[in-house]
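# A predicted structure for the sequence below; I have some questions about it.
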Amino acid sequence: MLSRELLSTSSDLLLAPEWVMLPEGPRQDMAVVVRNGRFLAVGPLAEVIAAHPSLAPVALPQHLLMPGLIDTHTHLTQSFGKALAFGEPSEIFRRIWVPMESTLDEHAAYLATKLSALESLRGGFTTVVDAGTRSEAGLDAVASAARDVGIRCVLGKICNDAGLEGDEAATRRILDSAKGFLSQLEHDPLVHPSLAISIPEAATDRMLRDVAALTRESGRRFQTHVNEHLAAVERSLVARGLRPLELLHACGALNESALLAHATLLTPREIGLLRDSGAAVAYNPVASQWKGNAVLDAGLIAMLGVPFGLGTDGTRADGFRLMDAAEATQRLTQGLANGDSSCGGGWLWLDHATHDGAAAAGLGGMTGRIAPGLAADFLLLDLDVPEFVPSWDLGWELVRFANRDQIAAVFVNGSMRLWKGWPVDWDARALMREVADIARRDVQRAPIHRVHPVSSTHRAQQQAGQPTP
């Protein structure tokens, strides 16, 4: 039986799992060597053992060693809200997220992030891309929590400047702070800097252009939300006379450093602009299901060569359910109408949850694959479960059958971060108890406006014949 002790070592590891997930698909009779946080060797079992005679192989029968999953779009400081947004109409950022996040002090932002990061690791994510917090005290706290939990994080610093047109000093402060942030985290092993503008019309043309130029020059990501739903498109048209993606293009901010969250409701012209720009997209199928009114045609942008990853948008931090949702949503919105029974053949969603997702996040040269030289960010998945017996097509099975309770261990940068779903070096249950108190305090004092009542009240109103929203 697999034991934590066999894997909990500060020395080199030679792992011999039943399966290894490579970019070209799952392979048997393979082994990997982990040294100093990276994959030192990946190859046929006999060859790897022969090349490292001083290492005792750790046999992992009926286990899959696979890359950690990549969440290319989330909001780490929104974990206190969770079900507050359920059943709500669009534009919940105005009524729920902005009021709630703005209430968080530094400690609350730290706790919210730590809870989100823990949930992400439990869901198989070893990398998350955070779009930026609205807590004024929270950015350093987010970085600290990510490091403490041990998750890899692309962290966005919001650079909105709407309403500051003509205020050169304020503009300069924002840009100088952005440059400092990129420099401050340049060599951080886990937290990778990014710049963000919440939505394109939340910034001036100059700020959009300059922020996109800064990220392009530094090789980092420029994050923004684009076409999340119809209300967002119409709001941009009213405010700036252009649709969000058109606005980015018009002011010179649509370049290969851009990571666009959602990108639904694209016109043919916008699809062409996106294809030609080199920008990447975060496909958020669960967000479309829960709070949007449109779905990105991920199969189309894949065919056009647009880089994209899968994102949770803070909905639920479960990487296997995210892959399932990505395939199912594509099938329901595109495949059924045109008779496409494959809808990516399973492997498409697995690729974009791992190495293609890492590329979309700007970390393709660091993580997302089991390959020599890359960071040892990986999962050990227990395949000795009824859902995988008999196994005929492991790629499809991971997309449709896999569950986070199969994750035996999560490694980031070569260190075990979770064993059987729980941290190995800190008390998650103590965190949960503290969060329960702090979250209740902050949610109660935040000026949150929900349209719908909680589900039990909604049921009682309907049963009483009362009108409900």
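In hand now; what should we look at?
# Next one: Val412 from Arg152, what distance?
6 Å (CB to CB, to the nearest Å). Using the backbone N, CA and C atoms, a C-beta is placed for each residue, glycine as well.
# and for the two, which residues touch both?
Common contact partners of Val412 and Arg152 (CB atoms under 8 Å, 6 or more residues apart in numbering): Gly68, Thr126, Leu190, Ala375, Asp377.
# what two of those residues are the furthest from one another?
Greatest spacing in those, by CB to CB: Gly68 and Leu190 (12.6 Å).
# who has more neighbours, the two?
Gly68 (28 against 19; other CB atoms under 10 Å).
# Please list all residues in contact with the residue nearest to the more buried one when sequence neighbours are not counted.
The shortest distance from Gly68 to any non-neighbouring residue, by CB to CB, 6 or more residues apart in numbering, is to Thr126 (2.6 Å). For Thr126, the contacting residues are 67-70, 151-152, 367, 377-379, 410-412, by CB under 8 Å, 6+ apart.
# what do you get if the cut-off is 10 Å, keeping everything else the same?
Counting by CB atoms under 10 Å, 6 or more residues apart in numbering, Thr126 touches 67-71, 120, 150-152, 319, 354, 358, 367-368, 375-379, 410-413, 417-418.
# repeat for Ile438
Phe80, Leu104, Asp105, His107, Ala108, Tyr110, Leu111, Ala112.
# Quick check on it: phi, psi?
phi -70, psi -40 (degrees, to the nearest 10).
# Distance of it relative to Thr103?
11 Å.
# okay, and the common contacts of these two?
By CB under 10 Å, 6+ apart, the residues touching both Ile438 and Thr103 are Phe80.
# Which strands and helices lie in contact with the lowest-mean-pLDDT helix or strand in the chain?
Every helix and strand in the chain was compared by mean pLDDT, DSSP states H and E; the lowest is helix 4-7, with a mean of 84. Applying 3 or more CB pairs under 10 Å, 6 or more residues apart in numbering; DSSP states H and E, we find helix 4-7 packed against strand 13-22, strand 57-67, strand 407-412, strand 415-419.
# Looks like Ala108 contacts Ser102 (just checking).
No - taking contacts as CB atoms under 10 Å, Ala108 lies outside contact range of Ser102: 11.1 Å.
# re the thing from before, among the shared contacts of Val412 and Arg152, which are located in strands?
Per DSSP state E, strands hold the following members of those: Thr126.
# Considering the shared contacts of Val412 and Arg152, which is situated nearest to Pro200?
Leu190 (29.4 Å).
# That closest one and Ala353: what is the separation?
Taken as CB to CB, the span from Leu190 to Ala353 is 20 Å.
# Where does the most centrally placed residue in the chain fall, secondary structure wise?
When CA atoms, centre = their mean is applied to the chain, the residue found nearest the centroid is Asp71 (1.9 Å). Using DSSP states H and E, Asp71 maps to strand 69-74.
# Sheet-wise, list the partners of that strand with their directions.
strand 125-130 (parallel) (DSSP bridges).
# buried stuff in the partner strand?
By 16 or more other CB atoms under 10 Å, the buried positions in strand 125-130 come out as Phe125, Thr126, Thr127, Val128, Val129, Asp130.
# Show me the chain divided up by domain.
4-67+369-423, 69-360 (automatic domain parsing).
# what is the rounded mean pLDDT of the longest one?
The predicted model gives domain 69-360 an average pLDDT of 95.
# More neighbours: which of Ala108 and Ser102?
Of the pair Ala108 and Ser102, Ala108 is the one with more neighbours under other CB under 10 Å, namely 23 against 14.
# Distance of the more buried one relative to Val149?
16 Å.
# Straight-line length of stretch 392-412, end to end?
30 Å (CA to CA, to the nearest Å).
# in it, what counts as buried?
394-395, 397-402, 404, 406-412.
# Next: stretch 26-44.
Pro26, Met30, Ala31, Val32, Val33, Val34, Arg35, Arg38, Phe39, Leu40, Ala41, Val42.
# Kindly report the same for stretch 309-320.
Gly309, Leu310, Gly311, Thr312, Asp313, Gly314, Thr315, Ala317, Asp318, Gly319, Phe320.
# Next: stretch 75-85.
His75, Leu76, Thr77, Gln78, Ser79, Phe80, Gly81, Lys82, Leu84, Ala85.
# what separates stretch 144-153 from the chain centre, distance-wise?
14 Å (CA atoms, centre = their mean, to the nearest Å).
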